[in-house]
Each structure stands twice: as structure tokens, then as C-alpha cells.
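Chemist: sequence plus the predicted model coming up.
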Amino acid sequence: MEAHVLGFPRMGRGRELKKALEGYWRGESSAATLLQCAETLREQNWRYQHDNGLSLITVGDFSLYDQMLDTACMLGMVPRRFGTVNGDIDLTTYFHMARGDAQRNIPAMKMTKWFDTNYHYLVPEFSEQTTIRLASRKLLDETHQALALGLRPKPVLIGPITFLSLSKQEDGVNRWDFLPQIVAVYCDIIKRLAPLCDWIQIDEPVLCTDMTLEAKAQAPATWQQLKQAAGSSQIMLATYFGRLDEAVPLIAASACDAVHLDVLRNESHLAEIIQHLPTTMMVSAGIIDGRNVWKNDLRRSTERLDPLRKMIGDERLMIGSTSSLLHVPVDLYQEQQLDPVIKSWLAFAAQKCREVALLAHLLDGEDHEALLRGSDRIQASRRTDSRVERPLVRQRVAQVNDAMLKRTPYALRRPQQAQWLHLPLLPTTTIGSYPQTRSIRLMRRRYHQGEVSEQVYRTFMQSEIHNTVSEQEALGLDVLVHGEPERNDMVEYFGQQMDGFCFTQHGWVQSYGSRCVKSPIIYGDVSRPRPITVEWIRYAQSLTDKPLKGMVTGPVTMLCWSFVRDDLPREVVCRQLALAVRDEVQDLEQAGIRLIQIDEAALREGMPLREDDAETYLRWAVNCFRLASSGVADTTQIHSHMCYSDFNAILPWVAAMDADVISIEASRSNMELLDGFRQLDYPNEIGPGIYDIHSPRVPEVTELVALIWRALEVVPKEKLWINPDCGLKTRQWPEVREALSNMVSAAHQVRQRLEREQPSCQMGD
Ligand code: GLN
Ligand code: ZN
């Protein structure tokens, strides 16, 4: 039985690729060094797959930056602004497309999230000038590299339908018009690959989303042509991340030799799917979870595969990971500091390769009762560990009732808050963090490594908070923050102080380009044993007469940016998190902090892939936010911050969160996002970010004034707050000072005009 994974992490177990890329970008190392590193990493990744017993190794999943960018390059699609390239696309142009060309001031291609993962891809651009031609031999070269090593390669390409669905086009251009030329290039490559390999994997994850009519109409004929080009080599249409639903007939008509599907996410429909597939089509069962870090329950997996085997027979079955392993860390065996029991529950990419291979052997009928019993023991250890199921947490979650999700109606809260806050029109504030200087990061590191005492650390952080508060007072901001110097990361910081979380040393996962994140792992019931932020915030408030916002990370964001246990529904884990955050919020209030911001940066990215599932998610996500935020008095003002601009579809849900004030990203879209707010008549207060903190550019006062007036076309002046787009931690103090000073001036200018223009004056005679 063939055993394979859909892709492997690229960074290397020591993040070698990151280091090589950044060295090259800084001009410290040559292109040859970078390419050498890439070649070594590819070989390492293949060895992981081969040595762990997979029968096919995946080739072409490796990328120096991103696989969508690689596909665009394969098709010769260099946007005009980067110049014309005739031969193969060189490394300089490739990285300009990915990262922009600062010298010539040419913006990079746009980047966005890859389906519902935290990986970001570059969005290919179609314009009138686009021409399609084969412009890269990468896949062929890598396939030859694998063959030379004596391996059995399975080249992978992003399918044309997914590629086009995720691209964008200039006005007046229909990107689907390019499909015939694109298919021609794919066929050209496939013809050259076919003699080299038994299988070619065509990734079409778009099949697990709500596809457009255009995509559906074009799909079967497109794949049929690819199959024809492949001749006797076999094509596997790979789907992942979700349910197939209405994509099944398209796949059935594809003429491809196999379909890969996520067994976990299609379980209830498997029989129906199989019934619709031609009896000659093989099924690659994605069963080892490519999105999570838990060791597979091998017995359960064999049981899950049983009905499938009965339906199609073993000859038609292949075993795989649910998706590429790009979304999990590389190798668990590097972890030296994890609790050994918890470590025994985990599997990273290398271990998952082994699991796929084991499962294929098990199904091949080899007697592995010992193996299954070993797996049973691990699962039992997880089930019975006293840190995993904690009765007190379960009890609290069970006792959550509707009243705990509700505050007094906003209209009644508002006057009570206004009465003590005495804020001017258009109050100014910031989102939470201030520049994280070298010395701040160094101090945190030294403290965590035990090199400095608690006392030294605390004194240092207090002086940072002191500075940040003074800076804000000098700038004339109306609502202050403490600046978050003690936090490395908004999720990790809170996770480290809650029960139920653990942290790896090397568990990095690529987010985009050379950027990686190391997500916490939620392995057990979550609770907050003691206050986390109270001392810092109380100290900050003691330094000023201005109101100061306490700052906590919300439950949905904690959930979305962690690896979550797979033995409880996400919704339940989120409730536990919400109760933990609620405790913190109430403690802040007790300590006299009466403005509290609960950040939900990730609320939107947690959205499921299919619209049908959105409502269920949004309902529990919003309820969790409400559970976290509703335990306070009417006089306490709850803020929330969300960092995205594409809001309109979920606006009613944002309103349902019922935060007194929300701040959102808006400046990059030139306040366009507010259009939705015009229609909905958003009931509470809102601060659309007017200063784009993603860029080092300092906005001018006039520009900011204009943005404020635009915002006022939609948001009544009594409800409008003035703030940047997001936290300032990645910026430098000089630019932050200047930008905030301009922001405050702009707010003052508009405020004065508004105060002069009494509505009665306009009524005339
Ligand atoms: N309060 C956080 C900060 O300012 C919010 C960060 C975020 O939205 N990603 O850094
Ligand atoms: Zn943000």
C-alpha cells in the first residue's frame, strides 16, 4: 500500500532556511550559499520521509519563499513593475516579487492567508500585460535531484483551478481567460515529469471551499488534459482542509487516477463520496493530521479506515497525511525541556511520516498487535492524566449560563461610563504595545534564563512602563496603556501563566517567507491560577490621572494561535479560555482598572472555509468573547481590538460582541471598510485605525485629518475614537512619537471644528 505525505516543512529543524535567507537578504552570504542550503534541506526532508518508511517522497513542496509564488514563476508571471524577464526568473526578481524592492520603491505582491491556516501565500497578479510561458525548471531539477539519490519522487504542483481561484486580476481582465495557456504549460511540465515518476500530485484544496461557478465549470476538463499529458504516469488530485461536498462530481469527472481526501473531515460522508467515484479511481486516505501535533490513535485509525477498505478494497487504497505537514513543527526529538509524559503524546512532521508508514503496514495485514497496544497506552495516558481533565474546570464550564454572557444594554452603560470618564469628542488612544527595544528584549531573555533576579527585572519593566506613560502624557493622548514591555507575544505570555498549556523550544512553523511562529500547545483543561497582568497595569495606572486601559488577549485569539487538543471540541476549549480571561478581567476591575481591552486579533481568521459552517463558529466565538467580557460593572468600559479590514461579512457578529469600543484596521483600505458600518448602523463606539503601523512611514497631519473626516461620514462623532491600526511594538520610538503627535494634532483640529459647528447654527432662520 502506498504511503506518503502531501508535503514537508521547509525551514529545517534548526530553521536553517530562515538563517540562510536572512543572511542572503542582508548581503552577508551569496546566492550559491543559499541554494546549497536549500538543496541540503530538500535532501534532509526526503530522508525523513524515506527513512521513516514512506513509499513515495514529495518533491516540489520545497520553496525559498512560497509555493504560490513558485507557481507564478513557473508560469512566467512577473508583474510588470518588476521589469521584464526573458529567460528563467532570477533570484533577485523572485525576492523582489516576494518582499518588494525598497531601492526602487516597488511594492511586493500582496500576501494573504492560505485557506484557514496561519501560512500566508503571495497572490499572483493577472493584468493585460500578463503572458504565460514556462519559466522555471525547478520541479524537473528537483525531481532529478531526488532520483539521483535513489529515491522515488512524487512531484507536486498547485493545481490550475486553485492557482486561478486564489489569484487576483486587474480591472477589465478576466484571469480565467488565461486558463488554456496555463494548462498548456502544466501539460508541458507533466509530459517531462511523466517518464520520471509513478505519481504526480496536483493540489486542489480549493475543492474544499465554496467554489465559484467559473472554477467549477472549468475544473473537470482542465484535469482531463493534465491526465492526458501524464500518459502512463498517474495523477493524484489532492484535496485537503475540509469537506468535499459538491466537489465530488467534479472529481469523478476528472479522469485522474486517484483522489486524496481528508478522512477526518469527510468521515460522515465517506460512503456517499465513494459511491460517486469511478471504480477505477484510487483513494488516498488522509488520516494523519497535518494540522496538529498529537500522536495518532493507530487503533482508532485502522477502525476508521475499515469501512473505506470494505467499500473499495485494499488495492484502491493509499495512506497519507490529511494535508501537507507544512503546518506542524519538524521533529519532536529535539525537544529537551518538554514534560516527558506530555512529549509522549506528541508527533511532529518526522513522527507523522512514521505514523503514515506504520498505518499502511498495519493495513497490509502485518501483525502489529504490539504496535497497536503501544499506541493504546499513549492514548490511555492522555485520557487519564490528572492535568488533562480537571473536574473543577469542567464544573465551571458546565455552570456557564446565559446571564453570564450579558451586560446591561449598551445604551444604559454608555452614560454611566461617560459620567466618570469625561472624555472629549474623538478620544485618542493606542492599541497596546509600544516599541520593543533591544534592551527590553534582552532583559526579558536574561530574566527567563535566570540571569537576572525578579527584583532587577521588575524594576526595569516598571521604568519602561514609567517612560511609556510619560511619553503618552506628553503626546496628549486621552486614554493610556502600559505598553506591554513584559510580553514577548500576546498569546504565549498569557498561555505561560495558565494551566493546560505547554511550550516547545523548537516547534517553529512557517508563517510566511522566513517568518516562523512557535505556537503554544493546549493539552489539558485551561484555567488561570493567579492574576497575570494586574500588578503591571495597576502600577501603570498609579503613574497617571488619565484613564489607562488594561490589556488582555481574548479567548478566541488564544485558541486560534495555539495547537489545540483534539479530544475536546474547540468550542469547549474556547469556553475554558473565556473563563480564564474573565477571571483576569474581573481581577483588573477589582484593582481599580475600569477600562479593559480584550484583544481578538484572530476572530476572523478562525472562520471555517465554508459559509455553511460560519454561523456555528461565529456564534460560539462571539459567546466566548461575551463570557470573557461580561463579568464587569456597567461603568467599566470594555474595548476590543481586531486586526483585519475585511469585515463586512461578519459585521453583525462584531456588533453582537457588544464591546463598548472596538478598534480595527482601516487606514490601508482608506476607510473603505467603514462602508459596512454605514449600512449596519453599528451601535457602539469604534476606532478605525487611521495610522498604518505596518509601514515605517510617518503620516502627515493633513492626511490624518482627511481620514478622520472620511470616518465621520459614517461614524457619528459621539462614537468615533482615534487610534493607530494595531500595536506599535515593531516600530521605533522616533517614528512612533512623530506619528502619534500628528495623530493627536489631527484629532484636535477636527475636534475643534466639530465643537465650533453647533448643529443649531445650521438650522438657519
Ligand atoms: N494589544 C496588542 C498590541 O498592541 C494587539 C496586537 C494585535 O492586534 N496583534 O500589540
Ligand atoms: Zn492588531
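Modeler: Received the coordinates, thanks. Ligands and ions are numbered 1, 2, ... in the order given.

Chemist: how many neighbouring residues does whatever residue of the stretch 201-350 of the chain ends up closest to ligand 1 have?
Modeler: Taking CB to the nearest ligand atom as the measure, the stretch 201-350 of the chain has His327 as its residue closest to ligand 1, at 20.1 Å. Quick note: C-beta positions are derived from backbone N, CA and C, even for glycine. A count of nearby residues for His327, using other CB atoms under 10 Å, gives 24.

Chemist: residue numbering should commence at 85 henceforth.
Modeler: Done: numbering now begins at 85, and the last item shifts to His411.

Chemist: isn't it right up against Arg375?
Modeler: Yes. Using CB atoms under 8 Å, His411 is in contact with Arg375, at 5.1 Å.

Chemist: on that earlier part again, for the residue of the stretch 285-434 of the chain closest to ligand 1, give me its contacts.
Modeler: His411 sits next to 201-203, 374-375, 593 when contact means CB atoms under 8 Å, 6 or more residues apart in numbering.

Chemist: in which helix or strand would I find Arg571?
Modeler: For Arg571, there is no helix or strand it lies in under DSSP states H and E.

Chemist: excluding chain neighbours, what is closest to it?
Modeler: The shortest distance from Arg571 to any non-neighbouring residue, by CB to CB, 6 or more residues apart in numbering, is to Tyr577 (4.1 Å).

Chemist: mean confidence for the helix or strand where that neighbour lies?
Modeler: If you go by DSSP H and E, Tyr577 is part of helix 576-579. What helix 576-579 shows for mean pLDDT is 97.

Chemist: could you do stretch 663-680 as well?
Modeler: The model assigns stretch 663-680 a mean pLDDT of 98.

Chemist: centre of the chain versus stretch 556-566, how much separation?
Modeler: Distance of stretch 556-566 from the chain centroid (CA atoms, centre = their mean, to the nearest Å) equals 31 Å.

Chemist: what does the chain put close to ligand 2?
Modeler: Proximity of the chain to ligand 2, by CB under 5 Å from the ion, involves residues 685, 727, 810.

Chemist: most neighbours of all these, which one?
Modeler: Busiest of these [other CB under 10 Å] is Cys810, holding 25 neighbours.

Chemist: hang on, Ala662 packs against Phe709?
Modeler: Yes. Between Ala662 and Phe709 there is a contact at 7.3 Å, judged by CB under 8 Å.

Chemist: need the residues touching each of those two.
Modeler: Common contacts of Ala662 and Phe709 (CB under 8 Å, 6+ apart): Pro639.

Chemist: helices and strands around the helix or strand harbouring Gly608, which ones?
Modeler: Per DSSP H and E: Gly608 is located in strand 605-611. Using 3 or more CB pairs under 8 Å, 6 or more residues apart in numbering; DSSP states H and E as the contact test, the elements touching strand 605-611 are helix 475-482, strand 583-586, strand 647-648, helix 654-674.

Chemist: so what does the helix or strand following the second one touch, helix or strand wise?
Modeler: Just to be clear, that refers to strand 583-586. Where DSSP H and E defines the elements, the next helix or strand beyond strand 583-586 is strand 593-596. Using 3+ CB pairs under 8 Å, 6+ apart, the elements in contact with strand 593-596 are strand 204-206, strand 599-601.
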